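Colleague: What follows is a predicted protein model with its sequence.
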Amino acid sequence: MKSIALAAALSLAAIPAAAHEFGFAGVLSNTNKGEMPGITLSVGQPLADGPITLKSGMLYELEIEADGTGELAVEGPGFFRAIWVNEVVINGLEIRPFGLESLEFDEEGTMEIEFLAIKPGQYHLKIPGSTGESQRVDITIQ
């Protein structure tokens, strides 16, 4: 019994100080948040100003705003499979989904998606059926 307690104490002592820097909430703490530009859904307008780069292991909040000029959707199954979605907030209602593949706005509104970037790679979000480069935003997770 003493050897088990000693082994446990030694293993805790071997954890580097950096492992403790996340704080109480771990990867979901405010100290682990990255900044991410928003996406705007508007007929004939670009989704974003340019490509987006994220860091794996960081928490982000993506704000998607639709101006109501049309019924528009965003899809990106590759991107949505490379992240862990903590919550989706629509009109103050929090949804904790198992996963996402696409989103659609039938009218004007804002949606916030809080997620943890996980799998490094090249991804995109785009308006389904569109072929224009401005109707797509490239996302890199490093």
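Modeller: Looks like it arrived, so ask away.

Colleague: At the geometric centre of the chain, which residue sits there?
Modeller: A centroid search over the chain (CA atoms, centre = their mean) returns residue 115, at 3.4 Å, as the residue closest to the centre.

Colleague: Quick one: list the elements packing against the helix or strand that contains it.
Modeller: Of the helices and strands defined by DSSP states H and E, residue 115 is found in strand 109-117. Helices and strands touching strand 109-117, by 3 or more CB pairs under 8 Å, 6 or more residues apart in numbering; DSSP states H and E, are strand 59-66, strand 83-90. Quick note: C-beta positions are derived from backbone N, CA and C, even for glycine.

Colleague: So which bits of the first one are buried?
Modeller: Read it as strand 59-66. Going by neighbour count (16 or more other CB atoms under 10 Å), the buried part of strand 59-66 is 59-62, 64, 66.

Colleague: can you check stretch 85-102 too?
Modeller: Judged by neighbour count (16+ other CB under 10 Å), stretch 85-102 contains these buried residues: 85-86, 88, 100.

Colleague: What's the end-to-end length of it?
Modeller: Using CA to CA, to the nearest Å, the span of stretch 85-102 from its first residue to its last is 13 Å.

Colleague: repeat for stretch 99-118
Modeller: 13 Å.

Colleague: Name the residues that touch that stretch?
Modeller: For stretch 99-118, the surrounding residues in contact (CB atoms under 8 Å, 6 or more residues apart in numbering) are 27-28, 34, 41, 54-68, 71-77, 80-91, 128, 141.
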